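J.: Dropping a prediction and its sequence here:
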Amino acid sequence: MLFDRRPKIRGEDFYDRREELQLFFKGVEAGEGLIIVYGVRRAGKTSLVYVGLSELGIPFIPIDVRGFLADPSFLSPQILLGVVWEVLKRYESYQGRVKEFLSDVLEYVESLDLGMLKLRIREKRGELPTKVLEHANRWAKKRKTRVVIVLDEAQELRAYPRWRDLLAWSIDTLENVTFVVTGSEVGVLSDFLKLSDPNSPLFGRARLEIKLSKFSREQSIDFLKKGFNEAGIAVKEEEIEDTVDKLNGIVGWLSLYGYYRVTYGLTHVEALKHVEEDAAKLLASELEKIVKYSPKRYIAILRAISLGLKSWSEIKHFTEGSTGYIPDNRFNSLLQNLVKYSFIEKTENGEYKPIETLLPKAVEILRKKYGT
Ligand SMILES: Nc1ncnc2c1ncn2[C@@H]1O[C@H](COP(=O)(O)OP(=O)(O)OP(=O)(O)O)[C@@H](O)[C@H]1O
Ligand SMILES: [Mg+2]
């Protein structure tokens with residue numbers, strides 16, 4: 001089914017992305033130690049990785065870092081790599097039946113009792129993370145395969161610089177281990193891995209980068225048509241065009257629109273309204289992670305850009321109209337943060353614009369919340 005809320009796992013449910021998948025297959029088969037999959041929210045990063053790995057039939061350990069945020073200590077290499085240990089142990093009971101194991105592994109990791117895991121690791125004084133990875137490497141070597149450790153939304157691990165040393169060491173030393181990390185472009189490439197920082201242990205290290213772009217207009221239309229066809233539902237051409245105009249090539253929102261129409265029988269207007277609400281809420285909650293540090297100023301900047309102001313000086317002028325004088329360097333750093341976290345982009349001719357068409361709606365949610 002093309003229209004589904006969850007990340008895809010099976011190739012037949014996954015639309016196109018053939019080039020990116022081929023690149024992913026080549027990377028794993030060539031034995032890359034680090035593969036980075038990045039793209040904006042809901043671009044299909046998790047799906048690409050799961051579909052790729054299940055098509056390859058290689059044992060993998062999926063760690064959705066967002067599932068470990070309840071306790072910051074869960075994000076340390078020691079605890080998180082404890083999951084690798086548990087999954088490999090569990091794999092033993094499948095006696096080499098990779099396919100069955102792969103269909104269970106996502107559920108298994110989700111159901112792990114993290115509190116217990118932490119206790120066990122503390123009691124044993126913890127296996128050193130390097131030992132766990134060496135064990136994984138030997139484990140894979142013995143079975144003449146590779147083992148892939150997926151750190152999904154890895155930017156959340158940035159509080160532990162130790163991860164970078166471990167990844168660098170793993171790339172250099174462990175022939176049968178591949179790390180796949182996903183996240184937004186800036187979040188994962190610069191905040192977490194610090195690939196362009198000469199002081200980072202990962203600077204200049206071999207890796208494969210796969211970028212997931214938005215779908216083109218043609219792809220978006222074709223995706224919706226194929227999905228409705230598959231569900232046996234006739235949809236008007238102008239409704240498809242309208243949806244594609246509004247949802248801007250982001251596959252996660254296109255598939256959610258299809259899901260609402262097919263599963264709940266909603267009309268075009270209702271389905272679009274629901275998707276826009278969901279998308280705006282998600283965007284607002286992501287924005288809030290940085291907006292909360294300086295809500296008045298950030299919200300004013302975002303409003304300016306939502307209203308279509310494009311140049312640095314127009315945006316600054318508007319912002320100061322609402323918040324009072326802001327020193328240039330302070331204003332720059334606020335603006336750059338919004339670019340850095342992929343909420344807005346700076347075009348080649350130096351103009352600022354929203355990445356998602358729903359930015360104005362998300363900004364309205366924040367305005368209500370902060371009373372600005
Ligand atoms: N190529 C594709 N074909 C069909 N559906 C897709 C494709 N890529 C993603 N989807 C669908 O889009 C939604 C978002 O996908 P996914 O969770 O993989 O994206 P993501 O980039 O990891 O999102 P997030 O930023 O929330 O982590 C899911 O419902 C998934 O089923
Ligand atoms: Mg994801």
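T.: Ah, there it is. Note that the structure is a prediction, hence the values are computed from the model and not measured. Ligands and ions are numbered 1, 2, ... in the order given.
J.: Spell out which parts of the stretch 1-150 of the chain neighbour ligand 2.
T.: Lys45, Thr46 (C-beta under 5 Å from the ion). To be clear about C-beta, it is placed using only N, CA and C from the backbone, and glycine gets the same treatment.
J.: which residues does whichever residue of the stretch 1-150 of the chain sits closest to ligand 2 contact?
T.: Residue of the stretch 1-150 of the chain nearest ligand 2, by C-beta to the ion: Thr46 (3.3 Å). Contacts for Thr46 (C-beta atoms under 8 Å, 6 or more residues apart in numbering) come out as Pro7, Asp64, Asp152, Thr182.
J.: hang on, it in a helix?
T.: Yes. The assignment for Thr46 by DSSP: H, G, I helix; E, B strand; the rest coil puts it in a helix.
J.: before we move on, back to that, and the contacts of Thr46 as TSV, adding pLDDT, secondary structure and distance to Gly204?
T.: Shown next, in TSV, are the contacts of Thr46 (pLDDT from 0 to 100; DSSP: H, G, I helix; E, B strand; the rest coil; distance: C-beta to C-beta, whole Å):
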residue	pLDDT	secondary structure	distance to Gly204
Pro7	94	coil	32
Asp64	93	strand	29
Asp152	95	strand	25
Thr182	96	strand	22
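J.: Dump the residues you listed into JSON lines; add neighbour count as well.
T.: Formatted as JSON lines, the contacts of Thr46 follow (neighbours: other C-beta atoms under 10 Å):
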{"residue": "Pro7", "neighbour count": "20"}
{"residue": "Asp64", "neighbour count": "17"}
{"residue": "Asp152", "neighbour count": "21"}
{"residue": "Thr182", "neighbour count": "26"}
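J.: Please enumerate the strands of the stretch 251-372 of the chain.
T.: Assigned strands in the stretch 251-372 of the chain, in chain order: 344-346, 352-354 (criterion: DSSP state E, counting those that start in this stretch).
J.: Out of these, which is the most enclosed?
T.: Scoring the strands of the stretch 251-372 of the chain by mean neighbour count under mean count of other C-beta atoms under 10 Å gives strand 352-354 as the most buried, with a mean of 18.
J.: how far does the helix or strand Phe25 falls within sit from the chain's center?
T.: Using DSSP states H and E, Phe25 maps to helix 18-29. Computed by C-alpha atoms, centre = their mean, to the nearest Å, the chain-centroid distance of helix 18-29 equals 18 Å.
J.: how far away is the closest residue to ligand 1 within the stretch 101-250 of the chain from ligand 2?
T.: Relative to ligand 1, the nearest point of the stretch 101-250 of the chain is Glu153 (6.1 Å; C-beta to the nearest ligand atom). Taking C-beta to the ion, to the nearest Å as the measure, Glu153 and ligand 2 are separated by 6 Å.
J.: just checking, that residue touches Thr182?
T.: Yes. The criterion here is C-beta atoms under 8 Å, and Glu153 meets it with Thr182 at 6.4 Å.
J.: Backbone dihedrals for the residue of the stretch 101-250 of the chain closest to ligand 1, please?
T.: Main-chain torsions, Glu153, degrees, to the nearest 10: phi 60, psi 50.
J.: And the pLDDT at it?
T.: Note for Glu153: predicted pLDDT of 93.
J.: Now do the same contact list for it.
T.: The contact partners of Glu153, by C-beta under 8 Å, 6+ apart, come to Asp64, Val65, Arg66, Thr182, Gly183.
J.: List the contacts of the lengthiest helix in the chain.
T.: In the chain, taking DSSP state H as the definition, the longest helix is helix 268-291. By C-beta under 8 Å, 6+ apart, the residues outside helix 268-291 that reach it are 41-42, 235-236, 239, 242-243, 246-247, 253, 256-257, 260-261, 266, 298-299, 302, 337-338, 341, 343, 356, 358-359, 361-366, 369-370.
J.: Show me which of those are buried.
T.: 41-42, 235, 239, 243, 247, 253, 256-257, 260-261, 266, 298-299, 302, 337-338, 341, 343, 356, 358-359, 361-363, 365-366 (16 or more other C-beta atoms under 10 Å).
J.: ok, which of those residues also contact ligand 1?
T.: Arg41, Arg42 (C-beta under 6 Å from any ligand atom).
J.: one step back: now distance to Met1 and mean pLDDT too, for the strands of the stretch 251-372 of the chain, in JSON lines please.
T.: Below are these laid out as JSON lines (distance: least, C-beta to C-beta, whole Å; pLDDT from 0 to 100):
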{"stretch": "strand 344-346", "distance to Met1": "32", "mean pLDDT": "91"}
{"stretch": "strand 352-354", "distance to Met1": "31", "mean pLDDT": "94"}
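J.: Format the CA atom coordinates belonging to stretch 349-362 as CSV.
T.: Extracted in CSV, the C-alpha atoms of stretch 349-362 (Å, rounded to 0.1, in the frame of the first residue of the first chain):
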residue,chain,number,x,y,z
ASN,A,349,20.5,35.3,-4.9
GLY,A,350,20.5,35.8,-1.1
GLU,A,351,16.8,35.7,-0.4
TYR,A,352,15.1,33.9,2.4
LYS,A,353,12.0,31.8,2.0
PRO,A,354,10.1,29.0,3.8
ILE,A,355,11.0,25.4,3.0
GLU,A,356,7.5,24.1,3.8
THR,A,357,4.4,25.8,2.4
LEU,A,358,2.8,25.3,5.8
LEU,A,359,5.2,27.6,7.6
PRO,A,360,2.5,30.4,8.0
LYS,A,361,0.1,28.0,9.7
ALA,A,362,2.8,26.7,12.1
